[in-house]
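Undergrad: Pasting a predicted model and its sequence here:
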Amino acid sequence: MHSSNCSLYNPVAPIDTPEATLLAGLESLQGKVVGFIDNAKPNFQFLVEDLSEQLTKHYGVKKVITHRKPGQVPVKPEVLAQMVSECDAVITGSGD
């Protein structure tokens, strides 16, 4: 089980801030579980598929977990709690 200590990083933070670290401060992705929260925008699933392949092939990610939201709504707290418990890092994003 993964730590329930969760940090939230603002994706628009300037790159020179301490918050702008590699996936919540992970020194490596080797053997990690990465989650994606799909916000149901067109084409995001294709981006996730490509990123998942790159993360496992080139960075040693052990597993990728995805959750697709039913639309442009906040992620349900129970889904977020599950992602936090199963993943070392969670990425949310959009596509078009």
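TA: Structure received. Residues are numbered from 1 along each chain as shown.
Undergrad: quick one: low-confidence parts of this structure?
TA: 1-25, 94-96 (pLDDT under 70).
Undergrad: how about a cut-off of 80?
TA: Residues of the chain meeting the criterion pLDDT under 80: 1-27, 72, 93-96.
Undergrad: so where do the helices sit in it?
TA: Counting by DSSP state H, one finds helices in the chain at the ranges 44-59, 77-86.
Undergrad: So which of the ones you listed is nearest residue 30?
TA: Of all the helices of the chain, helix 44-59 sits nearest to residue 30, with 7.1 Å by C-beta to C-beta. C-betas here are computed from N, CA, C, even on glycine.
Undergrad: So residue 30 sits against residue 56, correct?
TA: No - taking contacts as C-beta atoms under 8 Å, residue 30 lies outside contact range of residue 56: 10.8 Å.
Undergrad: So if I had to pick from the two, which one is more boxed in?
TA: residue 56 (15 against 10; other C-beta atoms under 10 Å).
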